[in-house]
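>>> output the structure for:
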Amino acid sequence: MDSDGESDDYSYTYSDDYDDDGCNSQCSDVPMNIDESGGAEPAKSRISGSSRKGSIDYSPVDSDAPPIRMASSTELYTVLATRVNEFSELFQIRPSVSQVLFRRSRWNKERLCELFTSNPEKLLEDAGVSARCALGLESPSDANNNNGKSGVMTRKQASELRSCAICFEDEYKPSDMIRMPCGHEFCIHCWKNFIATMLKDGHTSLLKTCPQDGCKEIVTEEEVAKVSPEALPKYQSFQLRSFVDLNATCRWCPGPGCERIAALSTDANGSSNLQFTDSTIIATCDSCDTSFCLKCGEEPHAPLACKYLSRWHEKCRNESETANWILANTKACRRCGSRIEKNQGCNHMTCQQCKHEFCWICMGDWVDHGATTGGYYRCNKFDQDDDDSSGGDQSDAAKAKRELDRYLHYYKRYHGHEEAQKFAKKQLKETEERMMRLQETSDNATWTDVEYPKTANEQLVECRRVLKYTYCFAYYLPKRSPSAGVAGNNGAASATCTPCPTNNSTEEITAKMQKEQFEYHQEMLERFTENLSELVEKPLKEINRESVVNQTRVVNNFMKNILKYTEDEFL
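So this is what the prediction gives:
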């Protein structure tokens, strides 16, 4: 058998009883109690986890937010083992079988119990562990005994020589052969090579089946422990990654090189009513200080909900290269709005659509660039009038152009704040050095007295983050009418009959007022963020501590205001 050739055929497959509409319906939503064993609908920001190292309170904190604990891999693996052992003791099956069944049910204990009690034979057969269970229901302690004489990995005791179905050598003693629960046996040397090759496939090694062609019996932790004990920790790490990746209530910290895990803790009753529909649960790593959304793993993205963030990223992946090229190489005609590429050296341009002549540099009418105005290329006039001659054109081309222009409007501002956020992060790394120089140049200044530049830069990073996502939020905002109501768990708005004109008019006015108010909050945050950015970028000798501290406080308030407004008005 060529195990390398089969590696690409393996992929995660789960019970047909589960759909793929989202993690709420198919992932385990039972919070972890680590201590027990050792357009968009705006996202409601709920901050949990460890405290940030900085002093910025950058989002409204919900006192009802579920507690998040950062745990190590060892701590969480203990939770995994406890859950497996409890299920094994309950149904008197081997822990290795329980692990396979849990992975198949995406670590949802309640759903697994339901499936196991309703039709255990079908569940075991579909999971590839029916032969393992048919050997006999030993106690979990006996099933974990891997001394070579008990458990699944038994050696045939017959005296005749055996043949290996992989290497086809036929002179192996029974003591040199290891048999799977399905009855297929192979030599120890081939088993070691098979396990080593299997583990190279990463997390898909958890789905490997018996080396015999066509056999569906799953290779489990017992085989790995028997054949290659030194490889068991690596296999268990894949097991833990499966536990975290398929569980809706925990997530790996996305910080570079960080191995900490964020997990929701249970309440007093050992359960939680948390639903990932309208809330963004923010975790902050206690090791690397990385903040991230527990649901999607991205950076905090309030006021944008996770599903709209995913749509925006997908749209940007599909259109950002086109958008960047358009912005860099074309300009819109002032008369008809058509995008024009400059393919010659002269700045005297003529639109092929409407024959409008204009200057490429300032986009002004070419008739204003004669000798009497100071020369053809002395662009000293700027016309802010935008004569849209497209009118009510509803052709496919006109609609496509309007949609592209609308996307470019929001993408340019999103991209601008994203670049500004990167610069603020870079500046934040250099802040400590500036603080040291500031302390040296100040008389009797303590470290606390010169900490305000760091606080201001942290605030800038958060403001840039919020601002860039407000433009994503605004892009999807017109597509959501207040009459649609709040989307349900499946993301679909409630259906309504055709409303009367009066209701339509009222709803349109309300939607317009909400959008204008949102844009006002956005404008104010943008204005004061730019002011703060200018203050902290000044040379040290020109920085005014009082101005920076006051501006930081004002900006923080405006940031909270826009988040609260989107939460109150659009949720």
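
>>> can you list the weak-confidence ranges in the stretch 201-350 of the chain?
Within the stretch 201-350 of the chain, the ranges that satisfy pLDDT under 70 run 266-280, 320-329, 343-347.

>>> ok, now with 50
The stretch 201-350 of the chain contains residues with pLDDT under 50 at 267-278.

>>> quick one: the strands in it, in order.
Under the criterion DSSP state E, counting those that start in this stretch, the stretch 201-350 of the chain carries strands at the ranges 250-252, 261-264, 279-284, 291-293, 330-332, 339-341, 348-350.

>>> pick the most buried one from the ones you listed.
The highest mean neighbour count among the strands of the stretch 201-350 of the chain, using mean count of other CB atoms under 10 Å, belongs to strand 261-264: a mean of 26. The C-beta positions use only the backbone N, C-alpha and C, and glycine is treated the same way.

>>> elements contacting that one?
In terms of contacts (3 or more CB pairs under 8 Å, 6 or more residues apart in numbering; DSSP states H and E), strand 261-264 is packed against strand 68-71, helix 73-91, strand 250-252.

>>> to Trp447, which of these lies closest?
For Trp447, the closest of these is strand 68-71, at 27.2 Å, according to CB to CB.

>>> and the closest one, which strands flank it?
strand 261-264 (antiparallel) (DSSP bridges).

>>> now stretch 541-549: mean pLDDT?
For stretch 541-549, the mean pLDDT works out to 86.

>>> re the thing from before, can you put the helices and strands packed on strand 261-264 in a markdown table and add distance to Asp443?
Formatted as a markdown table, the helices and strands packed on strand 261-264 follow (distance: least, CB to CB, whole Å):
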| stretch | distance to Asp443 |
| --- | --- |
| strand 68-71 | 41 |
| helix 73-91 | 49 |
| strand 250-252 | 48 |
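
>>> which one of these lies nearest to Thr350?
strand 250-252 (56.0 Å).

>>> elements contacting that closest one?
helix 232-245, strand 261-264.

>>> again, only using 10 Å
strand 68-71, helix 73-91, helix 232-245, strand 261-264, strand 279-284, strand 291-293 (3 or more CB pairs under 10 Å, 6 or more residues apart in numbering; DSSP states H and E).

>>> name the SS class of the nearest residue to Ser338 once chain neighbours are set aside, please.
Closest residue to Ser338 apart from its sequence neighbours, by CB to CB, 6 or more residues apart in numbering: Gln353 at 4.3 Å. In three-state terms, and counting by DSSP: H, G, I helix; E, B strand; the rest coil, Gln353 is coil.

>>> let me see the contact set for Gln353.
By CB atoms under 10 Å, 6 or more residues apart in numbering, the residues touching Gln353 are 333, 335-340, 389.

>>> between those residues, which is nearest Tyr172?
Arg339 (73.6 Å).

>>> correct me if wrong: the closest one contacts Lys401.
Yes. Judged on CB atoms under 10 Å, Arg339 makes contact with Lys401 at a distance of 7.9 Å.

>>> quick one, which of the helices and strands packed on strand 250-252 is packed in tightest?
It is strand 261-264: most buried of these by mean count of other CB under 10 Å, with a mean of 26.

>>> which residues touch Trp191?
By CB under 10 Å, 6+ apart, the contact list for Trp191 reads 153, 164, 166, 177-178, 180, 185, 211, 219, 223-224, 226-228.

>>> and what of Cys113?
Each residue near Cys113 by CB under 10 Å, 6+ apart is listed here: 87, 90-91, 105.

>>> need the max-distance pair from those.
Leu90 and Ser105 (14.5 Å).

>>> so where's this structure uncertain?
Within the chain, the stretches with pLDDT under 50 are 1-27, 36-39, 44-63, 138-158, 267-278, 374-378, 380-390, 479-502.

>>> from Thr455, how far off is Arg402?
Separation of Arg402 from Thr455 (CB to CB, to the nearest Å): 43 Å.

>>> with neighbour numbers in mind, choose between these two.
Taking neighbours as other CB atoms under 10 Å, Arg402 and Thr455 compare with Thr455 leading, 19 against 14.

>>> tell me if I'm right that that one and Gln551 touch.
No. Using CB under 10 Å, Thr455 makes no contact with Gln551, being 11.0 Å away.

>>> joint contacts of those two?
Joint contacts of Thr455 and Gln551 (CB under 10 Å, 6+ apart) are Val536.

>>> now, of the contacts of Gln353, which are buried?
Taking 16 or more other CB atoms under 10 Å as the criterion, what is buried in the contacts of Gln353 is 333, 335-340.

>>> ok, longest helix in this structure?
Assignment by DSSP state H gives helix 501-536 as the longest helix of the chain.

>>> that helix: which residues count as buried?
Residues of helix 501-536 classed as buried: 511, 514, 518, 521-522, 524-526, 528-529, 532-533, 535-536 (neighbour count, 16+ other CB under 10 Å).

>>> which of the contacts of Gln353 fall within helices?
Per DSSP H, those never map to helices.

>>> need the buried residues of helix 501-536 in JSON lines (columns: distance to Glu432).
Below are the buried residues of helix 501-536 laid out as JSON lines (distance: CB to CB, whole Å):
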{"residue": "Ala511", "distance to Glu432": "47"}
{"residue": "Gln514", "distance to Glu432": "42"}
{"residue": "Phe518", "distance to Glu432": "37"}
{"residue": "His521", "distance to Glu432": "33"}
{"residue": "Gln522", "distance to Glu432": "32"}
{"residue": "Met524", "distance to Glu432": "31"}
{"residue": "Leu525", "distance to Glu432": "27"}
{"residue": "Glu526", "distance to Glu432": "28"}
{"residue": "Phe528", "distance to Glu432": "25"}
{"residue": "Thr529", "distance to Glu432": "22"}
{"residue": "Leu532", "distance to Glu432": "19"}
{"residue": "Ser533", "distance to Glu432": "19"}
{"residue": "Leu535", "distance to Glu432": "18"}
{"residue": "Val536", "distance to Glu432": "14"}
